[in-house]
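> sequence below, structure please.
(chains A and B)
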Amino acid sequence: MKIKLLYFSWLRERIGVAVEHVDTNAETINDLIAELISKEEGYGLAFNDISVVKAAADQVLVDLNFPLKEVKEVAFFPPMTGG
Amino acid sequence: MSVFIQKDNFDISLELSKLSFNDEIGAVVTFTGLVRSGSNKSVQALELDCYPEMAEKALLDIEKKAHKRWVLFNSLIIHRYGFLKLGEQIMMVATASKHRKDAFEAAEYMMDFLKMDAPFWKKEHTDIGSYWLDASKNDKVELIRWNDEKS
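Got it, this is the predicted structure:
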């Protein structure tokens, strides 16, 4: 399935892109992260400490074990610091 | 009830004049967040990264929760993103209610949740370098307060 991926803050800087489209068979967000890490060094750096990585599926905050079935957009980012 | 995610600056009095008011409103509270200098470093600018589509949803959700909890006639959240210089306005919250207690509490509630649940990330540009800010532990403490009180 095709999924749009978005990266924010230092995850975007470490990976080097803000948006990309991937074709994946990953079942969960965790599986997708493992797939990305095996692809290129930047992903390894970005997802090095998974405890400070949050994810949103179709613009809703979810756990990293969230299933990707029917998800069109996944975003990765550190804890929010707005306001 | 409205949310604006924007790069442009805003004029507080102009924004308030656009809110629909009625004769029952006796209290309007506004809060404005500004780019400030750090305690031991000189901040020249703040870079605000944002996920606009999610931010709009998250902020509307926070507003809806506040409207359920307090008697509000209207509310507004404006949050900027992009590159902001020292002293510039970052965001504003406005609440309109019959009495000041509801307006104050709802504004504070929205601010506390906004800092934790809205997808914005701050990068400080200082004279000794640039770095992303960590999520504050104090913000989490603030949220516990709202859980303890009855809804």
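> and chain A, which residues reach chain B?
Counting by CB under 8 Å from any CB of the partner chain, the residues of chain A close to chain B are A:6, A:8-10, A:12, A:56, A:59-61, A:75, A:77-83. C-beta here means a position set from N, CA and C on the backbone, and glycine is covered the same way.
> if you set the cut-off to 6 Å instead, what comes out?
Taking CB under 6 Å from any CB of the partner chain as the measure of proximity, chain A contacts chain B at A:8-10, A:56, A:59, A:75, A:79-83.
> close to chain A: what parts of chain B are there?
When proximity is defined as CB under 6 Å from any CB, chain B approaches chain A at B:33, B:49, B:51, B:53-54, B:57, B:114-115, B:118-122, B:132-133, B:135.
> neighbour-wise, which of those leads?
Per-residue neighbour counts (other CB atoms under 10 Å in any protein chain shown) across the residues of chain B next to chain A peak at B:P119, which has 29 neighbours.
> okay, now the spatially closest residue to B:F21 that is not a sequence neighbour: neighbour count?
Computed as CB to CB, 6 or more residues apart in numbering or on different chains, the closest residue to B:F21 that is not its neighbour in sequence is B:A96, at 6.7 Å. When neighbours are defined as other CB under 10 Å, B:A96 has 24 of them.
> who does the host helix or strand of B:A96 pair up with?
Secondary-structure assignment from DSSP states H and E places B:A96 in strand B:89-97. Sheet pairing for strand B:89-97, assigned by DSSP bridges, gives strand B:27-34 (antiparallel), strand B:72-80 (antiparallel).
> pLDDT of it, averaged?
Rounded to a whole number, the mean pLDDT of strand B:89-97 is 96.
> what's the next helix or strand after that strand packed up against?
From strand B:89-97 onward toward the C-terminus, using DSSP H and E, the following helix or strand is helix B:100-117. Helices and strands in packing contact with helix B:100-117 are listed as strand B:27-34, helix B:52-69, strand B:89-97, helix B:137-148; criterion 3 or more CB pairs under 6 Å, 6 or more residues apart in numbering or on different chains; DSSP states H and E.
> and stretch A:9-28, average pLDDT?
Regarding stretch A:9-28, the rounded mean pLDDT is 96.
> buried set for that stretch?
When burial is assessed from 16 or more other CB atoms under 10 Å in any protein chain shown, stretch A:9-28 yields the following buried residues: A:9-15, A:26, A:28.
> ok, now which ones touch B:R145?
With contact taken as CB atoms under 6 Å, 6 or more residues apart in numbering or on different chains, B:R145 is in contact with no other residue.
> distance of it from chain A?
Distance of B:R145 to chain A, computed by CB to the nearest CB, to the nearest Å: 16 Å.
> could you pull out the strands for chain A?
Assigned by DSSP state E, the strands in chain A fall at A:2-7, A:19-23, A:54-57, A:60-62, A:73-77.
> distance check, the nearest residue to B:D127 once chain neighbours are set aside against B:R100.
Counting by CB to CB, 6+ apart, the nearest residue to B:D127 once its immediate chain neighbours are dropped is B:S42, at 5.0 Å. Distance check for B:S42 against B:R100: by CB to CB, to the nearest Å, it reads 37 Å.
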